[in-house]
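Asker: only the shape, not the letters, is given here:
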DNA sequence: GCACAGGTAGATT
DNA sequence: AATCTACCTGTG
């Protein structure tokens, strides 16, 4: 992997507005499957979204950040505020979840205090989860990296941003296949062609009700209920969205005794049981299951 | 070699 | 309406 340019990074600075993270929740929030463009390097994580390149590291005293010297510090902290959805009070939302009468959820919350739902750029979130079907997280990351390198614009440090939908439409399906997308390449290219033709589609989706936004997303090729819900949750902050993947299905079956329930029934259960922040509960359970703390 | 992986769409029953 | 199945590719 050749980087044509290198950029110097700022000295580490305390992220004064940082939310209160436990270390496990910090790791899980940025590198637990919500986002696919973070990698761990030594004692820090380096991540990219939009035009942003940010390094973060956990310290007992709080979170510290760094970024290429070419970027204004205020721009970075502003981007962080949005990305980490600082306007949402996840501590309060967590307390309002039914953990008092739900042992698996209590186990998960105790293990990941401070876990958050990211608010990523909408289009990038859609792209990431269109890549995700029957793929493991390391492979999804590798695909995103390959697509960025081939099609995305260069960033100040010589790495690449994810391409926009217009760029993906122009690049064509063959180059997506070359990034190991397999059968997903066709869906993604067809979606790109549609979004390139309907420039306001995503913007209008962002301002729609969650139900309407889900319907709109599911019109796109390759976007079913699960990918739509992931996009709504991790890209739009719609915390009521409750993506049911193979993990969550197993968790609900084994830890909640819902063996044999259909996805539609599980959706109803999740809404009734977990309430308006069901998606946050989903993320706690997903994290705990991956860590082997609850049955899955 | 073969099952399986943060699914979806189209066919078949 | 519920239940198969094909679809790419990497990994164990």
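Answerer: In hand now; what should we look at? Keep in mind it's a predicted model, so treat the numbers as computed, not measured.

Asker: what's near enough to touch residue A:259?
Answerer: Going by Cβ atoms under 8 Å, 6 or more residues apart in numbering, residue A:259 touches residue A:253. (Each C-beta comes from the backbone N, C-alpha and C, glycine too.)

Asker: read off the pLDDT value for it.
Answerer: Residue A:259 carries a pLDDT score of 95 in this model.

Asker: check the gap between it and DNA strand B for me.
Answerer: Separation of residue A:259 from DNA strand B (Cβ to the nearest atom of the strand, to the nearest Å) stands at 16 Å.

Asker: so residue A:52 makes contact with residue A:78?
Answerer: No: with contact defined as Cβ atoms under 8 Å, residue A:52 does not reach residue A:78; the gap is 9.6 Å.

Asker: looking at these two, which is more packed in?
Answerer: The residue with more neighbours, out of residue A:52 and residue A:78, is residue A:52; 20 against 12, by other Cβ atoms under 10 Å.

Asker: and for the residue of chain A found nearest DNA strand C, the neighbour number?
Answerer: For chain A and DNA strand C, the shortest gap (Cβ to the nearest atom of the strand) falls at residue A:182, measuring 2.6 Å. Applying other Cβ under 10 Å, we find 14 residues neighbouring residue A:182.

Asker: then residue A:89?
Answerer: The burial count for residue A:89: 12, using other Cβ under 10 Å.

Asker: same thing with residue A:82?
Answerer: There are 17 residues near residue A:82, going by other Cβ under 10 Å.

Asker: on that earlier part again, for the residue of chain A closest to DNA strand C, give me the pLDDT.
Answerer: Listed pLDDT for residue A:182 reads 98.

Asker: output the below-cut-off pLDDT ranges for chain A.
Answerer: A:1-5 (pLDDT under 70).

Asker: what domains does the record give for it?
Answerer: If you go by automatic domain parsing, the domain ranges for chain A are A:4-88, A:122-236.

Asker: deepest of these, which one?
Answerer: Among the domains of chain A, domain A:122-236 has the highest mean neighbour count (mean count of other Cβ atoms under 10 Å), at a mean of 18.

Asker: wait, does that one make contact with DNA strand B?
Answerer: Yes: if you take Cβ under 7 Å from any atom of the strand as the test, domain A:122-236 does meet DNA strand B, through A:132-137, A:183, A:187, A:218, A:220-228, A:230.

Asker: repeat for stretch A:270-287
Answerer: Yes: using Cβ under 7 Å from any atom of the strand, stretch A:270-287 comes into contact with DNA strand B via A:282, A:286.

Asker: up against DNA strand C, what does chain A have?
Answerer: Going by Cβ under 7 Å from any atom of the strand, the residues of chain A near DNA strand C are A:134, A:139, A:177, A:180, A:182-184, A:186, A:262.

Asker: ok so, going back, got CSV for the domains of chain A, with distance to residue A:287 too?
Answerer: Converted to CSV, the domains of chain A look like this (distance: least, Cβ to Cβ, whole Å):
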stretch, distance to residue A:287
domain A:4-88, 5
domain A:122-236, 12
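
Asker: residue contacts, the residue lying closest to residue A:255 once chain neighbours are set aside?
Answerer: Leaving aside its chain neighbours, residue A:255 sits nearest to residue A:104 (4.2 Å; criterion: Cβ to Cβ, 6 or more residues apart in numbering). Shown in contact with residue A:104 (Cβ under 8 Å, 6+ apart): A:251, A:255-256, A:285, A:288, A:294-295.
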